[in-house]
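Q: got a sequence here, can you build the structure:
(chains A and B)
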Protein chains: 2
Amino acid sequence: MWSVKRIPVRPGLSRLSNPRTISTRPGPSLILRSPVQTQPRPRILKTNCTRRLAFQRLLSTSIDASTRSTFEDAMGAVGTGRVNTTERLAALRKLMEEVGVDVVVVPSEDSHYSEYLAHCDERRAFISGFNGSAGCAIVTLKDAYLFTDGRYFLQAGQQLDDNWELMKQGQPDVPTWQDFLHKNIAPKSRIGIDPTIIAAEDAKEIQKNLAPIDSVLVPLEKNLVDEVWAGDRPAKPHNPVFHLDEKYSGRSFQDKVSSLREEIKKENGKALVVSMLDEVAWLFNLRGSDIDFNPVFFAYAVVTPQRAVLFIQKSQLEESALQYLGSAVEIRPYGDIFDYLKSLAHELHLESTAEAPKILVSSKASLAIVEAITPKGSEVPFHKTVPSPVANLKTIKNETELEGFRQSHIRDGAALARYFAWLEEALNEGKEVNEYEGAEVLENYRKELDLFKGLSFTTISSTGPNGAIIHYSPDPKNCDIIKKDQIYLCDSGAQFLDGTTDVTRTWHFGTPKPEEIRAFTRVLQGHISIDTAIFPSGTSGFVIDAFARRALWQDGLDYRHGTGHGVGHFLNVHEGPQGIGIRIVLNNTPLKPGMTVSNEPGYYEDGKYGIRIENVVLVKEATTPNNFGDKGYLGFENVTMCPIHTKLVDASLLTPGEKQWLNDYHKEVWEKISPLLQNDTRALEWLKRETVAI
Amino acid sequence: MWSVKRIPVRPGLSRLSNPRTISTRPGPSLILRSPVQTQPRPRILKTNCTRRLAFQRLLSTSIDASTRSTFEDAMGAVGTGRVNTTERLAALRKLMEEVGVDVVVVPSEDSHYSEYLAHCDERRAFISGFNGSAGCAIVTLKDAYLFTDGRYFLQAGQQLDDNWELMKQGQPDVPTWQDFLHKNIAPKSRIGIDPTIIAAEDAKEIQKNLAPIDSVLVPLEKNLVDEVWAGDRPAKPHNPVFHLDEKYSGRSFQDKVSSLREEIKKENGKALVVSMLDEVAWLFNLRGSDIDFNPVFFAYAVVTPQRAVLFIQKSQLEESALQYLGSAVEIRPYGDIFDYLKSLAHELHLESTAEAPKILVSSKASLAIVEAITPKGSEVPFHKTVPSPVANLKTIKNETELEGFRQSHIRDGAALARYFAWLEEALNEGKEVNEYEGAEVLENYRKELDLFKGLSFTTISSTGPNGAIIHYSPDPKNCDIIKKDQIYLCDSGAQFLDGTTDVTRTWHFGTPKPEEIRAFTRVLQGHISIDTAIFPSGTSGFVIDAFARRALWQDGLDYRHGTGHGVGHFLNVHEGPQGIGIRIVLNNTPLKPGMTVSNEPGYYEDGKYGIRIENVVLVKEATTPNNFGDKGYLGFENVTMCPIHTKLVDASLLTPGEKQWLNDYHKEVWEKISPLLQNDTRALEWLKRETVAI
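A: Predicted structure coming up:
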C-alpha cells in the first residue's frame, strides 16, 4: 500500500502547500472486535475491511461512501454527513473563557505523532465535524476556522456546518494555519493548545512568529475538546500487550537497549525519550493492538545509561510479558512520563550550558515532553532534538527478521493465490461478488495462515473506476460488483508474528483494452527497473525513484504517489525513515542493507481504472564485477510471491532482460507457492497458468 | 567538458567539506596573444592548448606537468615549483599594520565570481605560491595559512614554502577557512578583506559568527595583495568588445532589457545590478576576450525601469558596438559602479522598510556592491538577493540561438572527423604524434571553420593513463606520445559566432581489451539513457542523473563528476543554473525547453584509461501519446555530430532499442557531416566506416 508519509509540519513550510508532501491518516478509528483468543497466546489483531484506510488519494476531492457512513456512525452526523457543532463550540468557548484563552488550536496529532489514530484522539473531527486525514481547527471566542488542503475541499465543504469557515490551504492568499495565528489573529492574543499533541519543534516556530505581535502560545493543562466530548468520547484503548518471542524478533530487548545506549553516547546524550509507539514496541519486543492495523500500544519509554523505564498502563501487560521484561525494565504508569521527566534533569545532574550532555528527543516529541525536560527559567534547553536513534536501529532488520519477511511473504502468497483463483472462477461462473465480499474472502484465506495476527491495513478491493481512487476501500453496504470486463486492483497485507506483508496485484478477468495493456506494461517496466537496480552504497531512494517512472514517462504517463515506503517487522506497514519517492526529505536517508521497502509504481486513469504492481523488497549487498569507490554496491531482494498478470503484458514492449526477469520471477513464485496449495486444486491450476513463461 | 560548478561558499557548509561540491578554476591565466585581426571585424578569441584547463579531477592529488610549468613561468617559481613568499608576506604585513588590521583574507574570487580568472586576479596564487583552483589564504601578522581540499593536498604541500601552514580542509579537526576566523583567530581581531572579491552573502555569514567574539570583518579600500604585487602584476585585460549581430543572438538588447524590467517588477525591485560577466555580455549582445575561452569582458550593468547603464572601459567598445547600443545605454567607466550605486538608492527614492521595493542583486554580488547600495546606518538593507533574472532568461535559448547550436555543431563535427581520421592514419603509418600535437591539429581544422572564434576550453588530448586524470591537458614540452594500443580520450570545444561546442570522444586505434569494451559500452548505455529520456515538465537534472549511471552501477562502476552542465550560446562553456548531476542544488532548477546541457557520462580506471562520451543536447518538448498531469513532457535533441566508436561497443550488452539508437545516430551523423568532407577523402572514408550500422 502506498501512502505518502507524514512529515513534521512547520509554519511557513506547511505540508499542505505542496501536494507532494501530504500526510495520510485514517478517518475515525473504529470499535475493536473482541479478541479471538485472549490468553495466554498472543491475540489476533482486530481488523475490519470496512475501516477507512490510510491510503489517501492525492489531490482527490471525492468522498467515498464508506468514509461518510463510518463517520456518521461515529460522530452522530445526520443527512449529508454534516454534524451540528453549535453546542460543542459553545461548550468549548465557555471553557476557553474559564482558562483565559482567546483562541484554541485543535491539530490532528495524537500524543505520539501516530500515522493512524485511535478513535479517542479524533478531536479535530469531533469539534469541527470534518473527518479528513489532514486539517487543523482554530476556534476563537467568536469564529471557527477549519484548515485543510485540496484533497478535502469538497468533503470539508459538505461536512462543516455554518459555524465554520473553510480555509482552503494552498489557494492564493490563504495562509497556513500556523501563519494565520500571527497574521490574522489579533495581536496580544492568548492562544491555547494541548502541549501533548503538538510537536515541540512546530510549537517553537509558532512561538517565534507570535512574539513580535505580543501573542503567546499557552500550553493548556487539560484538553478542552476532551472536556466537551466528555462522556461521549470513546475510551482510550487498553488492549493486552504481549511479548514477541526472540525467535521472531531475533534480538533481545537488552541487546537493543544496549545498542541504544551507544547511540545516546555518540550524540552526547544522557538519556533518550522514546515517544513513537512503534519504537517503544520494537525496543522491548512487545506488541499490542491499541491502534488498528498497527500492533502497538500506548506507551512512552525513557532510556538512560543505567535505567530503562516503560510508561504504560501496567494492566495491559500480559503476565508473560511482565516476566520477560523482568527487573531490567521499570514499569511506570503511562501518565507519569511528564513528572518523571521533570525530575530527570535533576537526577542526571544536567546543566544548562550549550555543550553539556542533554536528554535526547526526536523531532516528533511533543511540546509537553520538551517542556517537562527543561526546568522553567533555564536559558539553554536540557533536551537535544536528534533523528530518532530507535527508528534508525529499527529500520535495519536483522537476519531473523529478514528471514521472517521471506517466510511470511511465502505464506501470504498462498492466500493470495487461493483468493485470486477463487475470484476468477466465481466471475467465470457468472457469480456476483462485490468488492467487499472479495476482500472478506481474501481475509479469510489469510486467517488460515500460520502466525497470522490480522491485516496490516484495510484491503483495497476495487473494480474499474474505483481502482483509480487511490484511497478507495469498499463500503460493505454500498460497493460495486467486481466486473469481469474491468481491471480489478487489489492492495492488501497482513501482520504475522514473523513479518508484515503489503502487496498489490492488478487483474483483468475478461479481455483487456490495448491502452490498459500498454499502461500495465509500462508500470511493470518501472517495477522491474527498481527490482533490478544496483546502486552505490550511500544512494537514497530519492535518487532511484525515476527508475520506476522512466517507462511511464516515455508514454506521457506518471503517478501521483511515491514508489516505495519502509515496512515494519510485525509493526507499522509504513515505516521510516527510508523510502523511494519524490519527496526531497527521502534524499536524507541512504538505503542500507537490511532495510525493507515497497516497490509499487502505478498508473491511474480517472473514471476508468487503476493499475499498481507492488512487491516488498529487502535492501542487500549486490555482487558486482567491480567496486568503484570501494563502498560497495547494493540491490534488492524481492520477497513478495504472487504472479504478475501476463495477460496485461505487451511482451513486444519488453527488452529481453525484462522478459527474462518476468519468467524468472514466475518460476520462483511457482516453486515457492505451489507446495502450499496441494489442498486447493483450483489455486494450484491457476498458479500454474499464471506463472507460465512468456 | 565536465566540470563541477562553483557554488557560493558558506561558512560551516564549505564546498571543501564535500568532494561532490568542489569548484573548478583554471590555474594562472596567461598572457593573451595579440589579436589576429583587430578592427573592425570581431576578433578571434585567443586560445592556447597549453593553458591549464578548468577541468579539475575530483579528489586528485597529482600535479600534471603542464600545471607546474605554466605556474612556474608566471609566478617566478624555482626548482620544484616552490615560490619564496618571504618578501611578499613581509610587504603585506607592513601594509596590514598601516591600515590597522590583524588578519587579511585572500580568497580565490575575482570581482565577478568568474569561473575562469584573468591572470591579474590570481592574488591567492601570488601571495601563497599555491595555484590550485580552490583555496583561500589567511595571513596574520605572524602566521600564514593556506586552506584547500583533498584534491590539492599534495600540490599545495609541494608549492607552499615554510612561511605557510597547509590547512587540509575536510580532514577531521580542520575547520573551514570561514570557521577558522572565529574559532582559531584571537577574539577582538580586525580581519581585512577586499569587499569586491567576496560575495555579500558569504561575508554576512562570517560577520554573524565574528560578532560574539568581538571580531570584525573590515572591508579594505584597496587590495593589499595588489599593492604588494604592484609592478609585477599583469595588467588587467582591456581587449576590444564587439557587437554580436542579431542574426546570431536572435534578439535585440532592447527586447532583453525590456524582459528584464518585467522580471524586476515581479520581484518588487526598482533596479537590478548585473555583476556576472557573461550576463552583461548576453544582455547587451556584446562579446569580448578579457578572459581565456570565455568571450566576455570586464563590466557591470545596472538596469532600472528607465535606464540601462553599462560600466566598462569605454575604449574597449568597438565603434560598431557603440553605434549598436546608441543612446539606449549609458556608458560609464568600469570603476564608477560603486559611486553610482551609492547615489542610486537616493535617486530611486528607496525606503528602509522591509516591504519597500529594493535594488535586486544575485547571490554572487560582492560585498562592495551590496555595501554601496545601502546607506550607512540603514537598519533594513536597500538590496534584495534573488536568483539572477539574467541567468534565468539567458539560459532559455531562442530559436535563432538553438539553430545556431545545431549549425555550429555540424561544422564542428567536420573538424572532428578530419582530425580523428588524420590521427588514425598517422598512427597506422607509425608516425609519432604527441598529445599536444594532436590537439593542435584539431585546433587548426577548427580554425578553418566558418564563424570560428576560438576554443571554448583547453583541449583534453590524452592517451591511456592520462585519460583517467580528468583535468589533464598536455604540456607541449612534456607530454606523451599517443599510443595505438591505448584508449585515446579527446574532450574539446570551440566558440563560434552562432554557438559553443563541447564534445568528448574516446577511441582505440588498436585492439581494445574486453574490460575496456565493457566499460565503454556501459558508458554508452548511460549516454543513450539520458539522450532518450522523456520526463514531465518540472523535472530537474538531479532527478534524471541516475539514468546516466544505471548501466555502470550494474557493473559496480561510476564516475566522480556530474553528467551534464549548461552550455552558453557563444558564451561560457559552463553555464547555470541547470545541469544534470548529483549536487542537490541542481534539484532547484527544472529543465525547460530551450535550455542546453551536456550529456557526458564517463568511466576512469586510475593508471589505465579514461572513457567519456559527451554530446550537447537541447531540451525540447516531447511528443507523447498521453499527457498525464497536463504539464507536458520534455526530452532532448542531440546536436553533437561525431561518430561513437563502435569498435569499443559490445553489442550483446545493448537492448534492441539501444542498438537502434546508435545506428540512427550514425546515420544522422553521416548525412549531416559527409557533405562537408568532400575535399577530404581520408575523413570521408573514415566517417563512412565509423558510421556503419552494427
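Q: the stretch 501-650 of chain A: strands as residue ranges?
A: A:503-508, A:535-536, A:564-566, A:575-580, A:596-599, A:602-605, A:609-612, A:615-621, A:633-638 (DSSP state E, counting those that start in this stretch).
Q: adding distance to chain B, mean pLDDT and mean neighbour count, write those strands out as JSON lines.
A: Where you see a C-beta, it was placed from the backbone N, CA and C, and this is true even at glycine. Formatted as JSON lines, the strands of the stretch 501-650 of chain A follow (distance: least, CB to the nearest CB, whole Å; pLDDT from 0 to 100; neighbours: other CB atoms under 10 Å in any protein chain shown):
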{"stretch": "strand A:503-508", "distance to chain B": "17", "mean pLDDT": "98", "mean neighbour count": "23"}
{"stretch": "strand A:535-536", "distance to chain B": "5", "mean pLDDT": "98", "mean neighbour count": "24"}
{"stretch": "strand A:564-566", "distance to chain B": "15", "mean pLDDT": "97", "mean neighbour count": "27"}
{"stretch": "strand A:575-580", "distance to chain B": "12", "mean pLDDT": "96", "mean neighbour count": "24"}
{"stretch": "strand A:596-599", "distance to chain B": "16", "mean pLDDT": "98", "mean neighbour count": "26"}
{"stretch": "strand A:602-605", "distance to chain B": "8", "mean pLDDT": "96", "mean neighbour count": "25"}
{"stretch": "strand A:609-612", "distance to chain B": "12", "mean pLDDT": "97", "mean neighbour count": "27"}
{"stretch": "strand A:615-621", "distance to chain B": "11", "mean pLDDT": "98", "mean neighbour count": "21"}
{"stretch": "strand A:633-638", "distance to chain B": "5", "mean pLDDT": "98", "mean neighbour count": "21"}
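Q: so which of these is nearest B:G135?
A: strand A:535-536 (28.7 Å; CB to CB).
Q: what about A:E227, which SS state?
A: What DSSP: H, G, I helix; E, B strand; the rest coil gives for A:E227 is helix.
Q: for it, give its distance to A:I198.
A: According to CB to CB, to the nearest Å, A:E227 stands 18 Å off from A:I198.
Q: with neighbour numbers in mind, choose between the two.
A: Neighbour count, other CB atoms under 10 Å in any protein chain shown: between A:E227 and A:I198, A:I198 has more, with 23 against 15.
Q: give the contact list for the nearest residue to that one once chain neighbours are set aside.
A: Excluding its sequence neighbours, the residue lying closest to A:I198 (CB to CB, 6 or more residues apart in numbering or on different chains) is A:L367, at 5.3 Å. Taking CB atoms under 8 Å, 6 or more residues apart in numbering or on different chains as the criterion, A:L367 is in contact with A:193, A:195-196, A:198-200, A:203, A:219.
Q: how about these, which pair is most distant?
A: A:A199 and A:P219, at 13.0 Å, using CB to CB across the contacts of A:L367.
Q: in terms of neighbours, single out the busier of these two.
A: The neighbour comparison of A:A199 against A:P219 (other CB under 10 Å) goes to A:A199, with 25 against 16.
Q: and the residue of the stretch 451-600 of chain A at minimum distance from chain B, how many neighbours?
A: Nearest residue of the stretch 451-600 of chain A to chain B (CB to the nearest CB) works out as A:G556 at 2.9 Å. A:G556 is flanked by 18 other residues according to other CB under 10 Å.
Q: ok, it to A:I469 distance?
A: Per CB to CB, A:G556 is found 22 Å from A:I469.
Q: next, give phi and psi for A:V692.
A: Backbone torsions for A:V692, taken as degrees, to the nearest 10, come to phi -60, psi 140.
Q: circling back: which one of the contacts of A:L367 is nearest A:V503?
A: Closest to A:V503, out of all of those and judged by CB to CB, is A:A199, at 32.7 Å.
Q: isn't that closest one right up against A:E109?
A: Yes - the pair A:A199 / A:E109 is scored as a contact, 7.3 Å apart, by CB atoms under 8 Å.
Q: A:V103 contacts A:I185, correct?
A: Yes - look at A:V103 against A:I185 with CB under 8 Å: they come within range, at 5.8 Å.
Q: shared neighbours of these two, anything?
A: Counting by CB under 8 Å, 6+ apart, the contacts common to A:V103 and A:I185 are A:138, A:140, A:191.
Q: what about the second one, how many residues close to it?
A: Read it as A:T140. Counted with other CB under 10 Å, the neighbours of A:T140 add up to 18.
Q: same question, the one 5 residues further on
A: By the criterion of other CB under 10 Å, A:Y145 has 20 neighbours.
Q: just A:L141 next, same as before
A: A:L141: 12 surrounding residues under other CB under 10 Å.
Q: now do the same contact list for it.
A: A:93, A:96-97, A:102-103.
Q: show residues contacting stretch A:343-357.
A: Applying CB under 8 Å, 6+ apart, the external contacts of stretch A:343-357 come out as A:268-271, A:302, A:304, A:358-359, A:373-375, A:378-382.
Q: flag every residue of chain A that's near chain B.
A: For chain A, the residues found near chain B under the criterion CB under 8 Å from any CB of the partner chain are A:533-536, A:539, A:543-547, A:550, A:552-558, A:560, A:582, A:584, A:587, A:603, A:622, A:624-629, A:633, A:655-657.
Q: quick one on the thing from earlier: neighbour count: A:V103 and A:I185, which is higher?
A: More crowded of A:V103 and A:I185, by other CB under 10 Å: A:V103, with 23 against 19.
Q: buried set for stretch A:432-446?
A: Using 16 or more other CB atoms under 10 Å in any protein chain shown as the test for burial, stretch A:432-446 gives A:433-443, A:445-446.
Q: could you dump these to TSV with distance to A:A391 and pLDDT?
A: As requested, these are exported to TSV (distance: CB to CB, whole Å; pLDDT from 0 to 100):
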residue	distance to A:A391	pLDDT
A:V433	41	98
A:N434	40	97
A:E435	35	98
A:Y436	35	97
A:E437	38	98
A:G438	35	98
A:A439	31	98
A:E440	34	98
A:V441	36	98
A:L442	31	98
A:E443	30	98
A:Y445	33	98
A:R446	28	98
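Q: export the residues you listed to JSON lines and tack on distance to B:V257 and secondary structure?
A: Listed next are those as JSON lines, based on distance: CB to CB, whole Å; DSSP: H, G, I helix; E, B strand; the rest coil:
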{"residue": "A:V433", "distance to B:V257": "69", "secondary structure": "coil"}
{"residue": "A:N434", "distance to B:V257": "67", "secondary structure": "strand"}
{"residue": "A:E435", "distance to B:V257": "62", "secondary structure": "helix"}
{"residue": "A:Y436", "distance to B:V257": "66", "secondary structure": "helix"}
{"residue": "A:E437", "distance to B:V257": "70", "secondary structure": "helix"}
{"residue": "A:G438", "distance to B:V257": "66", "secondary structure": "helix"}
{"residue": "A:A439", "distance to B:V257": "65", "secondary structure": "helix"}
{"residue": "A:E440", "distance to B:V257": "70", "secondary structure": "helix"}
{"residue": "A:V441", "distance to B:V257": "71", "secondary structure": "helix"}
{"residue": "A:L442", "distance to B:V257": "67", "secondary structure": "helix"}
{"residue": "A:E443", "distance to B:V257": "69", "secondary structure": "helix"}
{"residue": "A:Y445", "distance to B:V257": "72", "secondary structure": "helix"}
{"residue": "A:R446", "distance to B:V257": "69", "secondary structure": "helix"}
